[in-house]
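K.L.:
Could you look at this predicted model? Sequence included:
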Amino acid sequence: GRKEEPVTLPIKFPLLLAQGSDGIAVGLASKILPHNFVELINAAIAHLQGRDFQLYPDFPTGGMADVSRYSDGLRGGTVKVRAKISKIDKRTLAITEIPYTMIGANIAKFLSDVAALSETKKTQDIVDISNHWLLKDMDKAVEEILKAVREGLHIRVIGDYDVDGICSSYILTKGFQMLGAQVDTAIPHRIHDGYGLNEHLIEEAKREGVGMIVTCDNGIAAAPQIALANSLGMRVIVTDHHEVPYIEENGGRKEQLPPALAVVDPKRADDTYPFSGICGGVVALKLIQAITEKTGNPGLVNIQEELLEFAALSTVCDVMELKDENRILVKEGLKRIQKGYNEGLKALMEVNDIAPDRLSAYHLGFVLGPCLNATGRLDTAKRALELLQSFTRADAMTAARELKDLNESRKNLTVQGIQRADEYIQGTCHDRS
């Protein structure tokens with residue numbers, strides 16, 4: 001018969017899946033699959049396992065159903081199926097959908113064969129998240145922060161007034177405190193300062209003797225402000241997760257990174273971190289994890305479980321996609337919140353009548369998160385940070401009740417605003433009639 005075409009699967013990193021007479025090549029275009037495609041996948045899996053790799057099938061249920069109904073009675077017809085293969089970590093590949101055109105084959109059987117051949121565990125835990133050192137500039141950030149601590153510099157963490165910014169600020173401040181650093185926190189005021197770094201915050205830091213600024217959940221778009229900090233003799237580290245500003249140049253995009261000593265942001269074009277959809281709180285957590293690994297500091301080791309709570313809360317409240325390592329972080333973070341490592345979160349759950357064993361991602365996004373967010377909307381987000389930093393149950397309960405009351409006020413203001421808008425619309429329609 002005719003010579004079979006090699007298979008080309010789209011993949012995000014250069015790895016040869018298998019080498020054989022028919023061959024499986026890595027590329028960006030799809031080709032016609034040969035009749036012995038399952039055997040080739042077999043060879044690919046054996047090859048990968050021999051090189052300490054595994055295939056991780058993660059087919060959406062709906063996707064499998066869609067292709068299965070075309071497989072029965074398929075006789076030489078053509079079925080097109082979209083596909084994607086991506087790297088989860090250094091040991092695992094994920095097949096989420098499979099892009100190809102298959103001729104004269106049973107697609108449902110192929111999917112089940114691949115799933116059966118995979119030996120990857122079906123559940124994932126915290127050890128399966130990607131290594132923090134894979135983030136671009138992580139080594140520089142760790143080196144500069146440890147240097148600042150050794151030199152006794154006053155470090156200021158500057159966050160944001162939403163839940164992700166508040167949790168990121170808590171994670172970094174707590175971590176630096178465990179290092180013995182001279183550290184404090186500044187969170188911009190929504191009305192007076194606006195989002196992120198501004199000249200006022202930079203000048204204030206200089207007046208107050210700050211030697212290093214570490215941003216969280218902001219900073220990637222603050223090049224002028226960071227240049228000002230540099231000119232005033234302050235060192236700056238940026239940790240963020242937002243898109244990098246760019247200019248159009250020669251028909252392409254040229255990123256405009258801020259002039260900081262280190263810029264840790266998974267959205268950087270030159271970043272090779274496997275999953276860029278993490279929030280600011282997770283980036284902050286990974287920075288502290290890297291410092292913990294570098295130093296072996298016992299205090300940092302002891303707070304890892306607590307910090308995971310805030311990575312989970314940030315992920316849900318910043319509306320990150322609950323897939324890849326985000327799903328693992330939220331699942332594991334919920335377990336830690338239930339154990340009650342943080343007095344502030346325990347108190348906030350109590351005043352909102354949330355039983356620890358009933359806690360879910362819903363409560364993070366629609367009960368606890370809004371209470372923290374309300375401080376930044378109606379007052380100052382520093383009040384939310386103070387709750388999380390409470391040392392005693394009494395202080396935590398007082399702060400939690402205040403935050404719950406603020407959130408009730410916010411909800412009442414929202415209802416009043418909707419009523420006024422409705423009255424205005426009704427009045428306008430009546431005048432026109």
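P.N.:
That came through, no problem. Residues are numbered from 1 along each chain as shown.

K.L.:
Could you list the low-pLDDT ranges of the stretch 51-200 of the chain?
P.N.:
For the stretch 51-200 of the chain, applying pLDDT under 70 flags the ranges 51-124.

K.L.:
Could you pull out the strands in it for me?
P.N.:
54-57, 78-81, 84-89, 92-97, 100-103, 154-158, 182-186 (DSSP state E, counting those that start in this stretch).

K.L.:
neighbours of Val316, just the number please.
P.N.:
Val316: 26 surrounding residues under other Cβ atoms under 10 Å. Every C-beta, even on glycine, is put in place using the N, C-alpha and C of the backbone.

K.L.:
List the buried residues in stretch 149-165.
P.N.:
Within stretch 149-165, the residues scored as buried using 16 or more other Cβ atoms under 10 Å are 149, 153-165.

K.L.:
cool, stretch 362-378 as well?
P.N.:
363-365, 367-377.

K.L.:
and whichever helix or strand Gly427 is part of, how far from the chain's centre?
P.N.:
For Gly427, the host element (DSSP states H and E) is helix 393-432. How far helix 393-432 lies from its chain's middle: 30 Å, per Cα atoms, centre = their mean, to the nearest Å.

K.L.:
Now render the buried residues of stretch 362-378 as a markdown table, adding pLDDT, secondary structure and distance to Ile187.
P.N.:
Listed next are the buried residues of stretch 362-378 as a markdown table, based on pLDDT from 0 to 100; DSSP: H, G, I helix; E, B strand; the rest coil; distance: Cβ to Cβ, whole Å:
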| residue | pLDDT | secondary structure | distance to Ile187 |
| --- | --- | --- | --- |
| His363 | 93 | helix | 24 |
| Leu364 | 95 | helix | 20 |
| Gly365 | 93 | helix | 21 |
| Val367 | 93 | helix | 22 |
| Leu368 | 96 | helix | 18 |
| Gly369 | 94 | helix | 16 |
| Pro370 | 92 | helix | 17 |
| Cys371 | 94 | helix | 16 |
| Leu372 | 94 | helix | 11 |
| Asn373 | 89 | helix | 12 |
| Ala374 | 86 | helix | 14 |
| Thr375 | 83 | helix | 9 |
| Gly376 | 74 | helix | 8 |
| Arg377 | 73 | helix | 13 |
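
K.L.:
Of those, which is the nearest to Asn297?
P.N.:
Leu372 (27.8 Å; Cβ to Cβ).

K.L.:
Please enumerate the strands of the stretch 251-400 of the chain.
P.N.:
252-255, 262-264.

K.L.:
Direction included, what does the first one pair up with?
P.N.:
The strands beside strand 252-255 in its sheet (DSSP bridges) come out as strand 246-249 (antiparallel).

K.L.:
Pretty sure Glu332 sits against Thr315.
P.N.:
No - using Cβ atoms under 8 Å, Glu332 is not in contact with Thr315; the gap is 11.0 Å.

K.L.:
Between the two, which is the more surrounded one?
P.N.:
Thr315 (30 against 18).

K.L.:
Tally up the residues packed near Asn342, please.
P.N.:
Asn342 has 25 nearby residues by other Cβ under 10 Å.

K.L.:
That one reaches Glu309, doesn't it?
P.N.:
Yes - applying Cβ under 8 Å as the test, Asn342 and Glu309 come out as touching, 5.9 Å apart.

K.L.:
Please write out the alpha-carbon positions of stretch 337-347 in CSV.
P.N.:
Extracted C-alpha coordinates of stretch 337-347, given in CSV (Å, rounded to 0.1, in the frame of the first residue of the first chain):
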residue,chain,number,x,y,z
ILE,A,337,-8.1,27.2,55.6
GLN,A,338,-10.3,24.5,57.2
LYS,A,339,-7.5,23.7,59.6
GLY,A,340,-7.4,27.4,60.7
TYR,A,341,-3.8,28.5,60.5
ASN,A,342,-4.7,32.2,60.3
GLU,A,343,-6.7,33.9,63.1
GLY,A,344,-8.1,36.5,60.8
LEU,A,345,-9.6,34.1,58.2
LYS,A,346,-11.0,31.9,61.0
ALA,A,347,-12.7,34.9,62.5
